[in-house]
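[1] could you look at this predicted model? Sequence included:
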Amino acid sequence: MVARPMLASYFVLQGAKTLRDPEPSAAEAKPVADRMVPMLEKYAPQVPTDTRTLVRINAGIKVGAGLMLATGRLPRLSALALAASLVPSTLAAHRFWEADDPAEKSRQRTDFVRDVGLAGGLLLAGVDTEGRPGLRWRAGRAASDTRRAARTARREAKLTARAARAEATSKAKGILHR
């Protein structure tokens, strides 16, 4: 009840901040966005390709999915959407492997690992069924129940057939003995 809003708060605040002022994030995202543009043009031509718009879309996803996660609306889907939105953000903002200054490299690495940890938490939230069985379990259970019912029906059919044969044999013997 408390964990999801706590996890979501980071994304709502960061997303709102980026929506208000996308320029710093757009500058960080430019190298990653430039590499993604050919793929977007090929597989999703309807998606805008300018960096500023992509950053704002990502921020909007964070705000929307974060609010949904915090309020318990479609929590699994919203957690997975946040995890997906975190990947490009992390790759754009925390490229510690490119930093020359040891202090900057350390800070970027720490932020990168923090985001990886948040992604792990979101993935856990994305598979959490709150104690209720998931679709996979329910489908497996339904298949198992169907197999069990089929075995029971076959067994009962055999017993019924055996009883019918025994009764027919008994009646036939009764007719012969009269």
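    Alright, I've got the coordinates. Numbers count the residues shown, from 1 in each chain.
[2] all contacts plus neighbour counts: C-alpha atoms, from now on.
    Noted.
[3] where along the protein do the helices fall?
    In the chain, the helices defined using DSSP state H lie at 3-20, 23-43, 51-71, 75-93, 102-127, 135-177.
[4] point out the most buried one among the ones you listed.
    Highest mean neighbour count of the helices of the chain: helix 51-71, a mean of 22 (counted as mean count of other C-alpha atoms under 10 Å).
[5] tell me which residues are up against that helix.
    For helix 51-71, the external contacting residues (C-alpha atoms under 8 Å, 6 or more residues apart in numbering) are 4-9, 11-16, 18-19, 22-23, 25-26, 29-30, 33-34, 48, 74-76, 78-79, 81-82, 85.
[6] same question, stretch 91-99
    25, 28-32, 104-109, 111-112.
[7] hmm, which two among those residues are most spread apart?
    30 and 106 (22.0 Å; C-alpha to C-alpha).
[8] if we can go back for a sec, in TSV: the helices of the chain, plus mean pLDDT.
    Formatted as TSV, the helices of the chain follow (pLDDT from 0 to 100):
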stretch	mean pLDDT
helix 3-20	94
helix 23-43	88
helix 51-71	94
helix 75-93	91
helix 102-127	91
helix 135-177	87
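[9] outline the domain layout of this protein.
    Domain ranges of the chain: 3-127, 136-178, per automatic domain parsing.
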